[in-house]
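Visitor: fold the following for me, if possible:
(2 chains)
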Amino acid sequence: MTIAVIKDVLGGKFALGDTVTVRGWVRTRRDSKAGISFINVHDGSCFDAIQAVAPNTLENYNHEITRLTTGCSVMVTGTVAESAGQGQAFELQATAVEVVGWVEDPDTYPMAPKRHSMEYLREFAHLRPRTNISGAVTRVRHCLAQAVHRFFHERGFYWISTPIITTSDAEGAGELFRVSTLDMMNLPRTDDGKVDYKEDFFGKEAFLTVSGQLNVETYACALSNVYTFGPTFRAENSNTSRHLAEFWMIEPEVAFADLDDMAALAEDMLKYVFQAVLNERADDMAFFAERVDKEAISRLQHVIDNKFVHMDYTDAIEILQKCGKEFSYPVAWGVDLQSEHERYLAEEHVGAPVILKNYPRDIKAFYMRQNDDGKTVAAMDVLAPGIGEIIGGSAREERLDLLDQRLEDMKLPKEEYSWYRDLRRYGTVPHAGFGLGFERLVAYVTGVQNIRDVIPFPRSPNNADF
RNA sequence: UCCCCAGUAGCUCAGUUGGUUAGAGCGGUGGACUGUUAAUCCAUGUGUCGUUGGUUCGAAUCCAACCUGGGGAGCCA
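Guide: Below is the predicted model:
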């Protein structure tokens, strides 16, 4: 028995007349009174399902095959044949159809062979992988992840597995999820009544990481070109289509690099992974372009074909002030840009991803490198139309005296950063990096509007089912 | 967390300016037809009208709170 994946059968890897067995799930069944049934079977190996043609001479035709419904699992053995019908080059002339698992009540199987809303599918996170759209998202997501690793590997970057648990509650941004083994009903207390974290698993307070950046900087200052690719956690009460409490982030960090090196790296990386998706997942991208977002393919091609627009924060402020558009929030040098401002720049002014650079120091994180003008830092955001900030990065302050000054200005506890400061005390080097939100990337590529639909099991405020 | 909108059949939605028996398409089921392909045609069932409370002779319809979802904002990736 030759087991075959559907991708290989449809892709012509087998000769006409070969007998193969495919295994998967029924998408639809159509009966013909000519004495045959058409069974569309998918196995995830490619976008398309294979059409198996089952004749009524099969011994289980009447009592099993004609009862197959969407979702049943089957093993179909048959000979590879040119399709007599439209819609596919090859099909399987079935010689045996084994039903592996029935759908116990077709009337209540949630995944009907029809269009469902994304919100509805989200309620069935365990069954939505069987849908066209979820399967396509999954394959594109995988393709992007592989392309990211390949891109960095080809450039001599090492993948660093930075820790998921951290005992530093001062990583910079965001609310943290606590990690504890203490009995919450019976907390150990110190003499002054506070929770005694010395009794906790790590002997101190611990949290889930909000970024691998500070840790990965240590490896950049030794192995030169490194990156992280792993899960990240933010306990923020964000209820939007572009935020998750648990998401994946890619954070390259490069020694002896400056902000423009990072901008170039970000541009190269995005173009590389977009090209990979167009090359490797043409089937899924065609589906997205047809059913989800007409621009899904042309948008990627446009990004690949054009140089990214670079813009200084100061110039962006001027553009926004002179564009004649009414904004809800006024624009002035020194204020952080609002979503409406970023959207105008990316969607209307440029019409493609735009790199904004050199933000005012006072609205940015302590570790960003101060520019010579004394008021800006070497930070950048890559803004994508429709998504907003997809990448945030900066050159890191490698000069200890300036770093310490920033820690003091922002009232951050120096002792918490002793190991981070050590990098500046022992053989410091200029270095820079950025963070790319992986789900935002998948959403941008597929055109899927809500980030909760491009991760298998989304976690957000009030939602951690499955 | 804030602002706005929505919650009616398994799904997508229409409807009710408060009043007897609540509607369509799709899906399911039965049949017809067909190398079909989200097939087509005919038939067919289904609803505590989000939850709780209030107003009222009467609420699915009006009001309030809550829950859930969506859009936007903030936080950011």
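
Visitor: all contacts plus neighbour counts: C-alpha atoms, from now on.
Guide: Fine.

Visitor: count the residues that sit near residue A:162.
Guide: Around residue A:162 there are 20 other residues, counting by other C-alpha atoms under 10 Å.

Visitor: would you confirm that it contacts residue A:212?
Guide: Yes: Residue A:162 is within contact range of residue A:212, at 5.6 Å (criterion: C-alpha atoms under 8 Å).

Visitor: okay, and the common contacts of these two?
Guide: residue A:228 (C-alpha atoms under 8 Å, 6 or more residues apart in numbering).

Visitor: what helices or strands is the host helix or strand of residue A:303 leaning on?
Guide: Using DSSP states H and E, residue A:303 falls within helix A:296-305. Where contact means 3 or more C-alpha pairs under 8 Å, 6 or more residues apart in numbering; DSSP states H and E, helix A:296-305 is packed against helix A:259-280, helix A:282-287, helix A:438-446.

Visitor: pull the CA atoms of it into CSV?
Guide: In CSV, the C-alpha atoms belonging to helix A:296-305 read as follows (Å, rounded to 0.1, in the frame of the first residue of the first chain):
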residue,chain,number,x,y,z
ALA,A,296,-3.2,40.1,-1.0
ILE,A,297,-0.8,39.2,-3.7
SER,A,298,-0.2,42.5,-5.4
ARG,A,299,0.5,44.2,-2.1
LEU,A,300,3.4,41.8,-1.4
GLN,A,301,4.7,42.1,-5.0
HIS,A,302,4.6,45.9,-4.6
VAL,A,303,6.6,45.8,-1.4
ILE,A,304,9.2,43.5,-3.0
ASP,A,305,9.5,45.7,-6.1
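
Visitor: and residue A:230, helix, strand or coil?
Guide: strand (DSSP: H, G, I helix; E, B strand; the rest coil).

Visitor: do the same with residue A:70
Guide: coil.

Visitor: that one touches residue A:39, doesn't it?
Guide: No: in this structure, residue A:70 is not within contact of residue A:39 by C-alpha under 8 Å, at 9.7 Å.

Visitor: re the thing from before, now, of the helices and strands packed on helix A:296-305, which is deepest in the fold?
Guide: Highest mean neighbour count among those (mean count of other C-alpha atoms under 10 Å): helix A:438-446, with a mean of 24.

Visitor: is there proximity between that one and RNA strand B?
Guide: Yes: on the criterion C-alpha under 7 Å from any atom of the strand, helix A:438-446 is in touch with RNA strand B at A:438, A:439, A:440.

Visitor: and for that helix, what's in contact with it?
Guide: A:137, A:140-141, A:144, A:242, A:247-250, A:274, A:285, A:288, A:292-293, A:296, A:300, A:384, A:386-387, A:390, A:449-451, A:454-455.

Visitor: just the buried residues out of those residues, in PyMOL syntax.
Guide: Per 16 or more other C-alpha atoms under 10 Å, the buried members of the contacts of helix A:438-446 correspond to this PyMOL selection:
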select buried, chain A and resi 137+140+141+144+242+247+248+249+250+274+285+288+292+293+296+300+384+387+390+449+450+451+454+455
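
Visitor: that older thread, the helix holding residue A:303: how far from the chain's middle?
Guide: 18 Å (C-alpha atoms, centre = their mean, to the nearest Å).
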